[in-house]
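Peer 1: Make a model of this:
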Amino acid sequence: MTSLTPTLLNQALLNPRRIALIGASADEQRLTARPQRYLRRHGFAGELFPVNPRAAEVLGERAYATLADIPGEIDFAYILLGTDNVEAQVTAVAARGIPVACILADGFAEAGPQGAALQARVLAAAQAGGVRLLGPNSMGIVNSHARTALTTNAALEADALPPGRVALVSQSGSMMGALLSRGAARGLGFSHLIGTGNEADLTAGEISSLLLDDPQVDVVALFLEAIRAPEQLATAARKARDLGKPIVALKLGRSPFGAELATSHTGALAGSDAAAEAFFRAHGILRVTMLEALLELPLLVAGRRPPAHTHRAVSVMTTTGGGGALAVDALGVLGIEARKPDAAAAAKLEAASLNAHSRLLDMTLAGTRPDRVMAALDALRAAEDTDLVLAVVGSSAQFRPKDAVGGIVEGAKAPGKPVAAFLAPQAEASLRLLAESGIAAFRTAESAADCINAFCNWQAPREIQPATPPTIALPDYPDEADAREVFAALGLASPFAIMQDKPPDGLRYPVALKILSPDLAHKTEVGGVALNIPDEAALREAAAAMRARVSAAAPGARITGLLVQPMAKGLAEAILGFRQDPEVGPVVLLGAGGVLSELHRDVALRLAPVDLAEAHAMIAEVRALKPLTGWRNLPKGDLEALAAAVVAVSRLTGIAEAEINPLIVGRPGEGVTVADAWVVRG
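Peer 2: Residues are numbered from 1 along each chain as shown. Alright, predicted model coming up:
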């Protein structure tokens, strides 16, 4: 990091006026000629300095043999040379005192240890000279309002660069162009497009903070392959809340395959995507899962703040029965109800002679007459138990765009809850009319549901206080007995004893017997668990048999003894885990417990630590724990004790992974019992 102030960084990075193009080609067909061509093509009025030792002139502009030959100060250097030349050029940039350099080349940290070492040297050279780096592997920046098309992305071959009020920060350079072209086709422009690449220095979070300060930016959209520097992204999210400028994110990595590398059930269940979801939720960042949704959601949330409470319900009006049903179905899959009009909405609908008794207000016969559509919208926006109104439009959107969406445009002008539209046909003109009016419009029912789900999940950033748990000494290779000592220090002690060959005195039979080993996280898979052992003789026999089974199944495992505990009874089994996620930091997980926990994947996950209110919210999310609330007159469980356990485990530090599975939940007043535990040192 350098002492470059945010104001100077903002100017040099986002609105440079004197740009050096290191390695600019005089051949218009080459990729390294694109930045110069695009800058002039789209009206950049600043100064350009091509650096090319083999040409006196590049594309009509004077060229310079070296960076040192350029007169005057330079704001931004775009290094267009190959990987092997980057380190020397960054050193030259630092020598010239240029505040920002962007690296196009790949072959750095993403290419393995040698590339990572090269990236580290390049970053060190930049930091030594006070240079901020964008990339490596960056396709540059676009500032549409300043006409700065400083990029190699071929989407800038387009004749026009439509401006907008959404800034895009993308770790993928190619997706910058994809989103630019998709947006332009439907009248959606961007204020900025920034390709961050590897983020060796400047990260998506830090750049988002800069963009939020721009008065021409209403929403920041993120295309992420990974969450790097989460603390910087969290800082940007807090600024977004304070300024009322939402951040919308699409993050890759929803595949479960990475979970195979985890040692515990918690590691598998709290995979990188689940942890990312918890991060976005905690910090008030709206997350979508579809590329179209990243374009469509910003207009739905621009100028708005997270609602204090959402109903996860919408009002739906439609001029196409099939299209309306399609939207209702897509919403329902994500747990969002298309709700019948409440008393307030029904009264207005009846006054307008419209149907007030169905969860889908079918306007097919009434058509798209603006006055009828406006009356319907006004009525549905009056409902007190929905979050927004979705208007579904049929074929008229394709052939009579002004008539089809005119009523929506006019009706949405009145203040109130959001109005959005799903257009069933291919209707580019109608999409443009809605975009020009600031109304979110969806091309598919699935992207509509994705966006509305993100809106309903939106909440203000949660303040997360640092955890201060008791200090717990652990051996280098802890077994279950050590793990139980960790949880006991957090107030979650359950009786157990350790045996080698002779059963301990004073046991309360029946008991459970388990192998003790720092190498066996899943004891049942190697025959390392025996239940309901009735007496001492049976315990001796079970212990000998267990040692033999485990030795045969896992001959390399270190055996430290056997653990004996009384059989515990309760109303339900939960899994309670903690994990240091490599992207977002500590997370706490609660879910359906037992050996089938990974199969059911019925879990709630949060950034750690949490308070009691958040712990109770997690309990409410786990379907398997619903009976403990007294559902259908079933016995109630000790949910207060369970919530307290969640809070306690969430406050762990210095631990890589920790887990209780199962944690047995008793009746009110009986508390919770640790039936099995696991811990991995940090």
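Peer 1: Are we agreed that residue 53 is in a helix?
Peer 2: No: assignment of residue 53 by DSSP: H, G, I helix; E, B strand; the rest coil gives coil, placing it outside any helix.
Peer 1: State the distance from it to residue 67.
Peer 2: 11 Å (Cβ to Cβ, to the nearest Å). The way it works is simple: take the backbone N, C-alpha and C, and place the C-beta from them, glycine included.
Peer 1: Who has more neighbours out of the two?
Peer 2: More crowded of residue 53 and residue 67, by other Cβ atoms under 10 Å: residue 67, with 19 against 10.
Peer 1: Could I get the contacting residues of the more buried one?
Peer 2: 20, 22, 51, 74, 77, 89, 92, 93, 95, 96 (Cβ atoms under 8 Å, 6 or more residues apart in numbering).
Peer 1: now swap in residue 550 and tell me
Peer 2: By Cβ under 8 Å, 6+ apart, the neighbours of residue 550 are 515, 517, 520, 526, 527, 528, 557, 559.
Peer 1: what's across from residue 573 in the sheet?
Peer 2: Bridge pairing for residue 573 (DSSP bridges) gives the partners residue 664.
Peer 1: surely it meets residue 593?
Peer 2: Yes: counting by Cβ atoms under 8 Å, residue 573 does reach residue 593; the two are 3.8 Å apart.
Peer 1: For the stretch 501-650 of the chain, give me the ranges with low pLDDT.
Peer 2: Low-confidence segments of the stretch 501-650 of the chain, defined by pLDDT under 70: 595-600.
Peer 1: for it, what spans make up the strands?
Peer 2: Ranges of strands in the stretch 501-650 of the chain, per DSSP state E, counting those that start in this stretch, are 511-516, 529-533, 561-566, 572-581, 585-592, 603-607.
Peer 1: where's residue 114, which helix or strand?
Peer 2: Under the criterion of DSSP states H and E, residue 114 resides in helix 113-128.
Peer 1: Next, report how far that helix is displaced from the centre of its chain.
Peer 2: 28 Å (Cα atoms, centre = their mean, to the nearest Å).
Peer 1: C-alpha coordinates for it, CSV please?
Peer 2: Extracted in CSV, the C-alpha atoms of helix 113-128 (Å, rounded to 0.1, in the frame of the first residue of the first chain):
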residue,chain,number,x,y,z
PRO,A,113,4.6,-20.9,-7.8
GLN,A,114,6.9,-19.3,-10.3
GLY,A,115,4.2,-16.9,-11.5
ALA,A,116,3.3,-16.1,-7.9
ALA,A,117,7.0,-15.3,-7.1
LEU,A,118,7.1,-13.0,-10.2
GLN,A,119,3.9,-11.2,-9.1
ALA,A,120,5.4,-10.7,-5.7
ARG,A,121,8.5,-9.1,-7.2
VAL,A,122,6.5,-6.9,-9.4
LEU,A,123,4.3,-5.7,-6.5
ALA,A,124,7.4,-5.0,-4.4
ALA,A,125,8.9,-2.9,-7.2
ALA,A,126,5.6,-0.9,-7.5
GLN,A,127,5.3,-0.4,-3.7
ALA,A,128,8.9,0.8,-3.5
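Peer 1: which other helices and strands contact the helix or strand that comes right after that helix?
Peer 2: For helix 113-128, the following helix or strand on the C-terminal side (DSSP H and E) is strand 132-134. Contacts defined by 3 or more Cβ pairs under 8 Å, 6 or more residues apart in numbering; DSSP states H and E place strand 132-134 against helix 6-14, strand 100-103, helix 113-128.
Peer 1: if we can go back for a sec, need the contacts of residue 67 in CSV (columns: secondary structure and distance to residue 105).
Peer 2: Formatted as CSV, the contacts of residue 67 follow (DSSP: H, G, I helix; E, B strand; the rest coil; distance: Cβ to Cβ, whole Å):
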residue, secondary structure, distance to residue 105
20, strand, 16
22, strand, 11
51, strand, 15
74, coil, 20
77, strand, 13
89, helix, 10
92, helix, 15
93, helix, 14
95, helix, 20
96, helix, 20
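Peer 1: Show the buried residues in the residues you listed.
Peer 2: Those of the contacts of residue 67 that meet the buried threshold are 20, 22, 51, 74, 77, 89, 92, 93, 96, by 16 or more other Cβ atoms under 10 Å.
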